[in-house]
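Q: curious how this folds, go ahead:
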Amino acid sequence: MKFMCLADLHENKKKWQQLVGEVEKQNPDIVVVAGDLIPKEDGILNQLSLFPEFKRHASSIRETGAELVLILGNDDNRLLISEMEKGEEEGLWHYTVDRVKKIKGYEFCGCPWVPDYPFPYKYWVAPESKDNLAISGFQLDQPIRINDDNQIEIINNLEEYLAAKPSIQEVLDELAAEVQDLSNSIWLIHGPPANLALDVCGSGDRVGSQAVYQFLLDKQPLLSVHGHIHEAPAHNGNIWASKVGKTTCIQPGQLDEELYYVTFELEDGQIKHLNHSIYGMFQ
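A: So this is what the prediction gives:
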């Protein structure tokens, strides 16, 4: 069974067109997109108007016979949640945010939540754990969220806001409790783990989640697919995959005009021929 995995298509409207073309060429059985789906060039509030075009691209992928497995990411308008659920009902994709879906014999689990960062939009931000809110010491602007009317609201107390939310650690543990066979589970976790160089920003800062790393270390799923830090492979020595024990972790990155993605074959729980579209085979 052939997989294609990627994330962070939201910076360039052409990326979804490119993905459709690559799916038609590569003919994968499953396409995994680990968050940040909808172009944001015209602002996050405008993403709802772009959703019909996104659905058309998803429909083209489904017409090839591939299953499309998705989560939203930290730069996706939270009002897209209901649209994603409707699209799943229409058979366009499998929406796996905070849920477990069995697809072609494997259990897929999705976690869009990320630790805090300097950027204002905080809907998808969550504490690392109940004991660690992990609030960024630098904020580019006042924290915001989007209300039910697709308008921006100020978050007056970020600490209080985050303390009221389930932590990344809790979300992952609750999902894991629903999985029948963790060793054959596949996780879409938008934020990369700490400690693996998959989280290196252009500034050199390393911003991965310690909670995600510890979860992978403890639970040992088959595979995790990440995004969020687009430039990581360009600033960490071209590292786009790593291992945590038996778990393979992928962070394809997403830069420039070319589409960054990873392909591999999955046979009897074994990942083979792990290859990046830009950087080549995983050694």
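Q: and the end-to-end length of stretch 258-275?
A: The first and final residues of stretch 258-275 sit 16 Å from each other (Cα to Cα, to the nearest Å).
Q: in that stretch, what's buried?
A: In terms of neighbour count (16 or more other Cβ atoms under 10 Å), stretch 258-275 has its buried residues at 259-264, 266, 271, 274. Yep, even glycine has a C-beta here, placed from its N, CA and C like the rest.
Q: now the longest helix along the chain - C-alpha only, PDB.
A: With DSSP state H applied, the helix covering the greatest number of residues in the chain is identified as helix 47-63. Written as PDB, here are the backbone C-alpha positions of helix 47-63 (Å, rounded to 0.1, in the frame of the first residue of the first chain):
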ATOM      1  CA  GLN A  47     -10.600  31.000   4.200                       C
ATOM      2  CA  LEU A  48     -14.300  30.100   4.200                       C
ATOM      3  CA  SER A  49     -14.700  31.600   0.700                       C
ATOM      4  CA  LEU A  50     -11.900  29.400  -0.500                       C
ATOM      5  CA  PHE A  51     -13.300  26.200   0.800                       C
ATOM      6  CA  PRO A  52     -15.300  25.200  -2.300                       C
ATOM      7  CA  GLU A  53     -12.100  25.300  -4.400                       C
ATOM      8  CA  PHE A  54     -10.400  23.100  -1.800                       C
ATOM      9  CA  LYS A  55     -13.300  20.700  -2.000                       C
ATOM     10  CA  ARG A  56     -12.900  20.500  -5.800                       C
ATOM     11  CA  HIS A  57      -9.200  19.600  -5.400                       C
ATOM     12  CA  ALA A  58     -10.100  16.900  -2.800                       C
ATOM     13  CA  SER A  59     -12.700  15.500  -5.100                       C
ATOM     14  CA  SER A  60     -10.100  15.200  -7.900                       C
ATOM     15  CA  ILE A  61      -7.900  13.300  -5.500                       C
ATOM     16  CA  ARG A  62     -10.700  11.000  -4.500                       C
ATOM     17  CA  GLU A  63     -11.400  10.300  -8.200                       C
END
